[in-house]
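# next input, structure requested:
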Amino acid sequence: MSMDANFKNYMQQLYVAFTAHDAAQDHRLARYRNIEPDSALFLAIQIRLKQAKQILEIGTSTGYSTLWLADAAKATQGHVDTIEIDDSRIIQAKQHAQHLQLINYIHFYQGDALIFLQNLKQSYDLILLDAERDAYVQYWQYLSQIMHKQGGVLIVDNVLSHANDVADFIKMVEQDNRFVSTTLNIGAGLFMVTFRD
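Next up is the predicted model:
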């Protein structure tokens, strides 16, 4: 069995386990709320198409999307920086990354995403935003600064499934004349942003 088949099988098993966990939780914050497989695959393809090397994920959770990003980063000789506030979820994500031999392609950070963004000094080829949606408006001024000027892209998850939660954020981005954006009907909805020029 090829490594690619191993990866796909492992990720399928993970997704089943994570969604079963979420279905058993009454409280939203207790759920892992991982990205849908179609969205994860789309992100992985984007990384390969762009040959993205500097990748940022805001909202690791238990690492489902992180693993997809890292597998693609392995192909481009890049790396993933990922930030998560819940240390117990980072521990899970690291275990899965070690199992798939992807740990060397990921830098895990524990803490508040806003503080993390405020202190970043580098730019990224691709950014995945999949965190607490009520903070996105605050994040924008920093996200817009760390997107690589030459083809950098921001992709935001859950924009169709939670349209009301992200409406103010999307409006803010759409009114920023430096950027062009579109909403894709993939998974729970992906909002894709890049520089106009």
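
# buried set for the host helix or strand of Ile47?
Here Ile47 is covered by helix 37-50, with elements defined by DSSP states H and E. Within helix 37-50, the residues scored as buried using 16 or more other Cβ atoms under 10 Å are 37, 39-44, 46-47, 50. Heads up, the C-betas are built off the backbone N, CA and C, glycines and all.

# packing partners of the helix or strand following that helix?
Note on helix 37-50: by DSSP H and E, the next helix or strand toward the C-terminus is strand 54-58. If contacts are counted by 3 or more Cβ pairs under 8 Å, 6 or more residues apart in numbering; DSSP states H and E, strand 54-58 sits against helix 64-76, strand 79-84, helix 113-118, strand 126-129.

# okay, and the helix or strand of the chain with the least pLDDT?
helix 3-23 (a mean of 83; mean pLDDT, DSSP states H and E).

# can you name the residues bridging to the residue positioned nearest the centre of the chain?
Taking Cα atoms, centre = their mean, the centroid of the chain lies closest to Leu128, which sits 3.2 Å from it. Beta-bridge pairing of Leu128 under DSSP bridges involves Glu57, Ile155.

# shouldn't it be in contact with Leu56?
Yes. In this structure, Leu128 is within contact of Leu56 by Cβ atoms under 8 Å, at 7.2 Å.

# any stretches of the protein with poor pLDDT?
Low-confidence segments of the chain (pLDDT under 70): 1-3, 28-30, 32.

# one more time with 50, if that's ok
Low-confidence segments of the chain, defined by pLDDT under 50, are located at 1-2.

# which residues does Thr76 contact?
By Cβ atoms under 8 Å, 6 or more residues apart in numbering, the residues touching Thr76 are 47-48, 51-53.

# which two among the residues you listed are spaced furthest apart?
Greatest spatial distance in the contacts of Thr76: Arg48 and Lys53, 11.4 Å, computed using Cβ to Cβ.

# now the end-to-end length of stretch 107-122.
When the termini of stretch 107-122 are compared using Cα to Cα, to the nearest Å, they are 14 Å apart.

# could we number from 27 for the rest of this?
With the count now opening at 27, the last piece we talked about shows up as stretch 133-148.

# run the chain-centre distance for that stretch.
Its chain's C-alpha centre and that of stretch 133-148 lie 14 Å apart, by Cα atoms, centre = their mean, to the nearest Å.

# now stretch 99-118
Distance of stretch 99-118 from its chain centroid, counting by Cα atoms, centre = their mean, is 9 Å.

# same question, stretch 83-99
On Cα atoms, centre = their mean, the centre of stretch 83-99 falls 6 Å from that of its chain.
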